[in-house]
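> need a structure here:
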Amino acid sequence: MTDKELKHLIETNAKTVQAMLDEIAEARQERQELREGMIQLQNAVAQLINIQDKITNLLISVDGDRPTILKKLSALETKLDQLLQQNPTDELG
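Just a heads-up that it's a prediction; the model follows:
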């Protein structure tokens with residue numbers, strides 16, 4: 001192999017190695033971007049879980065208040081019935 005051929009082979013190999021290093025650097029950058037995207041996705045999921053928990057607690061609270069509201073409505077209905085029975089000649093509306 002002549003010096004010229006050897007020099008050409010070395011240059012070709014150097015270019016090939018550089019291209020491989022560039023691809024490795026690009027792959028690392030892509031992996032880093034994917035990691036950051038996954039972290040953002042995990043944070044979004046955590047926020048959604050937090051919101052879901054708050055909605056669940058709110059619904060439980062509302063459901064827990066339902067008997068109290070129904071008791072008050074029932075008491076109002078009873079009172080209204082009593083008033084209507086006391087004054088049967090009076091008409092509403």
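> so the spatially most central residue of the chain: helix, strand or coil?
Closest to where the C-alpha atoms of the chain average out (C-alpha atoms, centre = their mean) is L48, at 3.2 Å. Taken by DSSP: H, G, I helix; E, B strand; the rest coil, the conformation at L48 corresponds to helix.
> residue contacts, it?
For L48, no residue meets the contact criterion (C-beta atoms under 8 Å, 6 or more residues apart in numbering). Placement of C-beta: from N, CA and C, glycine included.
> mean confidence for the helix or strand hosting V62?
Element membership for V62 (DSSP states H and E) is helix 3-86. Helix 3-86 comes out with an average pLDDT of 91.
> any idea how far Q85 is from R66?
28 Å (C-beta to C-beta, to the nearest Å).
> could you do I39 as well?
41 Å.
> same thing with I10?
With distances taken as C-beta to C-beta, I10 is found 83 Å from R66.
> go on, Q82?
Taking C-beta to C-beta as the measure, Q82 falls 24 Å from R66.
> also E30?
E30 sits 53 Å away from R66, going by C-beta to C-beta.
> for P67, grab the count of nearby residues.
As a burial measure, P67 scores 9 neighbours (other C-beta atoms under 10 Å).
> what does M38 give?
Residues lying near M38 (other C-beta under 10 Å) number 10.
> could you measure from it over to Q86?
71 Å.
> got it, and L76?
16 Å.
> same thing with M20?
Counting by C-beta to C-beta - M20 and Q86 are separated by 97 Å.
> and E11, by the same measure?
Look at E11 and Q86: by C-beta to C-beta, they are 110 Å apart.
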